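Asks: quick one, structure for this:
(4 chains)
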There are 4 protein chains.
Amino acid sequence: MHAPGRTEAFSDGVFAIAITLLVLDLHVPDARPDLLGALAAQWPHYAAYAVSFLTIGIIWVNHHGFVDRLQRVNRPLLFLNLLFLLFVSVLPFPTSLLSQFLDGPQGPIAAAVYSANMAAMGVAFGAMVGYASRRRGLLAEGAAAALTRGYLVRFAFGSPVYVLAAAVAFVDTRISLALIAGLAVYYALLTPPGRGRGPGE
Amino acid sequence: MHAPGRTEAFSDGVFAIAITLLVLDLHVPDARPDLLGALAAQWPHYAAYAVSFLTIGIIWVNHHGFVDRLQRVNRPLLFLNLLFLLFVSVLPFPTSLLSQFLDGPQGPIAAAVYSANMAAMGVAFGAMVGYASRRRGLLAEGAAAALTRGYLVRFAFGSPVYVLAAAVAFVDTRISLALIAGLAVYYALLTPPGRGRGPGE
Amino acid sequence: MHAPGRTEAFSDGVFAIAITLLVLDLHVPDARPDLLGALAAQWPHYAAYAVSFLTIGIIWVNHHGFVDRLQRVNRPLLFLNLLFLLFVSVLPFPTSLLSQFLDGPQGPIAAAVYSANMAAMGVAFGAMVGYASRRRGLLAEGAAAALTRGYLVRFAFGSPVYVLAAAVAFVDTRISLALIAGLAVYYALLTPPGRGRGPGE
Amino acid sequence: MHAPGRTEAFSDGVFAIAITLLVLDLHVPDARPDLLGALAAQWPHYAAYAVSFLTIGIIWVNHHGFVDRLQRVNRPLLFLNLLFLLFVSVLPFPTSLLSQFLDGPQGPIAAAVYSANMAAMGVAFGAMVGYASRRRGLLAEGAAAALTRGYLVRFAFGSPVYVLAAAVAFVDTRISLALIAGLAVYYALLTPPGRGRGPGE
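Replies: Residues are numbered from 1 along each chain as shown, chains lettered A, B, ... in the order given. Reported below is the predicted structural model:
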């Protein structure tokens, strides 16, 4: 058993790096004659950047809320956290994939991969919260029940949206991306689980 | 409500990574016959690197001063901070854009995008400070009034300079970059808001 | 002599960055006609990514367990830690090498380089633990004996597996990678040295 | 005036990222027929990597020793630290330059640029230590005199070696790199200033 301090520091590092590495997908366009047009044509890159940035940011806020209520960390929890961080730190890859293919015929496949990674991130986070809730001595007294219930409601709502986003991609990838962005905004506005007051608390 | 410790750690991580990723815009030149000349021809890259590095550094110092006086962090503040960090972590992209086009006919557009990103960073920082000042219990007692006044004066001065820098870029992009660098140096020498003594305090 | 706090922070930073930089080896494929097939053909990249991610993660957990029991850090230990971090932070390079050549005739050489780097990482970690165990005042009372014994048993087992993985690579590089992955999973399930209870402690 | 905690965290982040970004200069060779030969031909990249890694590591240890004795940080010190970090975080660029040209006719210029950056890093560090020593209330009681003397002796010795390394590069760049590596090892073995005992303290 360890205190959660260093897990927090390591996770924060991975979050901070993954969110900042997203910028490497923004490339300076070559087209010199019309730079403004060339920049504007890159809109899928900016959209994917913003959605991924917002999503990592929200996940960081939720991870923050979860670790805050941890008293202890054991080895299985460290590895569940590691699995979760795997999907966080790989996110620049599906983001890059999506931004490159969003506007073309291969868009649906790129959007499906992107949605699948988002869903996997959510499932890994849920597994971590679920494990910590069922195991005595990890979460602070009283936090377990409210936290589990809160996150379960979210996953029951969030996961089908990611599946829907993957399906909708075969009709229009932009709607798909809008759905994922909308889910991120919805999570951002939501009251954190186990708290009494609204988003402005 | 949370203690500001982890927000500080996460923000510091993003600052440290964004400031260090700037180096990826410095490329080893291919021109083997005259390496020194090839290196010298890259001056816009070094200039943009130095200005962006200095600007992120100063913003970090100001962010430092702001978070130091925070007692509590709530969810809206976390998201305002995230929005602010979005413009910080995207900075390597406009920096790269500016350094590549500074010396050519597309310079004004590149400089305008760069200035706009700087201005957006300032506005997001101002929004965060403004929100924290108006909301009870976030800032330490007595810090709110002095802090808001101090930053408002700065924005009243800084924002028109960025707009001016964007406009001047259509005449000469070098003057534009010099203006942004000058503003950074000016901020660096300024007394931090809410403090009594001079820059050497 | 220093307190171990800052060594921990610096090491965590290097771990977090090295583990996150692995994503830069995942490239968006160019092949537009069949994106799904092009993505599937990249399986060695995903496999190498997962194995390296898992290995860095496990090493981080072990490093965590070791530094937790340190009372003091002296200069030689700082440099042994630095040597160890050298092999951690260089890992994206052999990972990239392995993922690119895994499926071809040069696979064995790539796998041998990869295994050698893993082994070097283990030896450097062992040297650090060994030094700290023999030197009075670095490790907490009573931790030295159990820790040394525990890690020595691991290295006696782990190092030949890496050598075997390098040798097996000349028959089939996939078995080689599976061996390294298996060793990582084995380490993950193992009771940490100097502790009484099983993996679920 | 601030407590030095966050300056330490930010600096550690920059050190950790700069030291880890060095790996981006190691590229997987294309030469498929003879991978081992192609890897061996990259020796200047490994040599430059190792020397830069070791140098950043040692500078981190010294920075560590310096910040440990700081009681307070003021704004000028923050900016001197920022200037110092500029030369740390830019190091991957001259490292890449050196590794690419080390073995060719342009080697001396690359080695001179590399040495100049090392020297600039040293001068900025010296300026920071010097400022902190002369200004009351920044360093802990009694630390100032011993620290300044210790670092002055080092710079009096180190700076001419970097100049010599730059000059020797015009004869043989390998000797030049060996000199810089030797200086790093010498600093590593040296007793830290203001301490009584030897390297094994």
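
Asks: and chain C, is the longest helix seen in chain A touching that?
Replies: Across chain A, the helix with the greatest residue count (assigned by DSSP state H) is helix A:107-134. Yes. If you take C-beta under 8 Å from any C-beta of the partner chain as the test, helix A:107-134 does meet chain C, through A:109, A:110, A:113. All C-beta spots, glycine's among them, are computed from the backbone N, C-alpha and C.

Asks: which single one of these is nearest to chain B?
Replies: residue A:110 (21.1 Å; C-beta to the nearest C-beta).

Asks: list the contacts for that closest one?
Replies: A:94, A:97, A:98, A:100, A:101, A:102, A:169, A:173, C:35 (C-beta atoms under 8 Å, 6 or more residues apart in numbering or on different chains).

Asks: ok, now how distant is it from chain D?
Replies: 25 Å (C-beta to the nearest C-beta, to the nearest Å).

Asks: so what's that residue closest to, chain neighbours aside?
Replies: The spatial neighbour of residue A:110 that comes closest, neighbours along the chain excluded (C-beta to C-beta, 6 or more residues apart in numbering or on different chains), is residue A:101 at 3.9 Å.

Asks: which pLDDT value belongs to the one you found?
Replies: Residue A:101 is assigned 87 on the pLDDT scale.

Asks: again, but for residue A:198
Replies: For residue A:198, the model assigns a pLDDT of 36.

Asks: before we move on, back to that, next, count neighbours for the residue nearest to residue A:110.
Replies: If you count neighbours by other C-beta atoms under 10 Å in any protein chain shown, residue A:101 ends up with 23.

Asks: pretty sure it is touching residue A:113, no?
Replies: No. Counting by C-beta atoms under 8 Å, residue A:101 does not reach residue A:113; the two are 9.4 Å apart.

Asks: may I have stretch A:50-67 as PDB, with CA atoms only?
Replies: Extracted in PDB, the C-alpha atoms of stretch A:50-67 (Å, rounded to 0.1, in the frame of the first residue of the first chain):
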ATOM      1  CA  ALA A  50      -9.900  21.200 -29.600                       C
ATOM      2  CA  VAL A  51     -12.100  18.100 -28.900                       C
ATOM      3  CA  SER A  52      -9.200  16.000 -27.800                       C
ATOM      4  CA  PHE A  53      -7.800  18.800 -25.600                       C
ATOM      5  CA  LEU A  54     -11.200  19.400 -24.000                       C
ATOM      6  CA  THR A  55     -11.700  15.600 -23.500                       C
ATOM      7  CA  ILE A  56      -8.300  15.100 -21.900                       C
ATOM      8  CA  GLY A  57      -8.900  18.200 -19.700                       C
ATOM      9  CA  ILE A  58     -12.200  16.900 -18.500                       C
ATOM     10  CA  ILE A  59     -10.800  13.400 -17.800                       C
ATOM     11  CA  TRP A  60      -8.100  15.100 -15.900                       C
ATOM     12  CA  VAL A  61     -10.600  17.000 -13.800                       C
ATOM     13  CA  ASN A  62     -12.500  13.700 -13.100                       C
ATOM     14  CA  HIS A  63      -9.300  11.800 -12.300                       C
ATOM     15  CA  HIS A  64      -8.400  14.600 -10.000                       C
ATOM     16  CA  GLY A  65     -11.800  14.200  -8.200                       C
ATOM     17  CA  PHE A  66     -11.300  10.500  -7.900                       C
ATOM     18  CA  VAL A  67      -7.700  10.500  -6.600                       C
END
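
Asks: who's in contact with it?
Replies: For stretch A:50-67, contacts defined as C-beta under 8 Å, 6+ apart pick out A:4, A:7-8, A:11-12, A:15, A:18-19, A:22, A:88, A:91-92, A:95, A:118, A:121, A:125, A:128-129, A:132, A:147, A:177, A:180-181, A:184-185, A:187-188, A:192-193, B:2, B:6, B:10, B:75, B:78-79, B:82, B:85-86, B:89.

Asks: how far out from the middle of the chain is it?
Replies: 6 Å (C-alpha atoms, centre = their mean, to the nearest Å).

Asks: which residues does residue A:93 contact?
Replies: Contacts of residue A:93 by C-beta under 8 Å, 6+ apart are C:23, C:26, C:28.

Asks: report the angle between the host helix or strand of it and helix A:107-134.
Replies: Using DSSP states H and E, residue A:93 sits within helix A:92-101. Counting by axes from the mean of the first three to the mean of the last three C-alpha atoms, to 10 degrees, helix A:92-101 points 160 degrees away from the direction of helix A:107-134.

Asks: contacting residues for the residue lying closest to residue A:113 once chain neighbours are set aside?
Replies: Nearest residue to residue A:113, sequence neighbours excluded (C-beta to C-beta, 6+ apart): residue A:94, at 5.2 Å. For residue A:94, the contacting residues are A:110, A:113, A:114, A:117, by C-beta under 8 Å, 6+ apart.

Asks: got it, and residue A:14?
Replies: A:85, A:88, A:89, C:16, C:19, C:20.

Asks: ok, how many other residues are close to the residue of chain A found nearest chain C?
Replies: The minimum distance from chain A to chain C, using C-beta to the nearest C-beta, falls at residue A:13 (3.0 Å). As a burial measure, residue A:13 scores 28 neighbours (other C-beta under 10 Å).

Asks: measure it to residue B:71 for me?
Replies: Taking C-beta to C-beta, to the nearest Å as the measure, residue A:13 and residue B:71 are separated by 25 Å.

Asks: one step back: surely the residue of chain A closest to chain C meets residue C:18?
Replies: No. With contact defined as C-beta under 8 Å, residue A:13 does not count as touching residue C:18 (10.4 Å).

Asks: residues from chain A in reach of chain D?
Replies: residue A:17.

Asks: burial count for the spatially closest residue to residue A:111 that is not a sequence neighbour?
Replies: Taking C-beta to C-beta, 6+ apart, and ignoring the residues beside it in sequence, residue A:111 has residue A:169 as its nearest neighbour in space, at 3.4 Å. A total of 26 residues lie near residue A:169 under the criterion other C-beta under 10 Å.

Asks: got it, and residue A:36?
Replies: So residue A:36, with other C-beta under 10 Å, has 12 neighbours.

Asks: which ones are touching it?
Replies: residue B:109.

Asks: where in chain A is the helix or strand with the lowest mean pLDDT?
Replies: The least trusted helix or strand in chain A, going by mean pLDDT, DSSP states H and E, turns out to be helix A:143-168, with a mean of 72.

Asks: contacts with chain A among the contacts of residue A:93, please.
Replies: Applying C-beta under 8 Å from any C-beta to these, those adjacent to chain A are C:23, C:26, C:28.

Asks: just the buried ones among these, please.
Replies: C:23, C:26, C:28 (16 or more other C-beta atoms under 10 Å in any protein chain shown).

Asks: give me phi/psi at the last one?
Replies: Okay, so that is residue C:28. Phi and psi for residue C:28, reported as degrees, to the nearest 10, are phi -70, psi 120.
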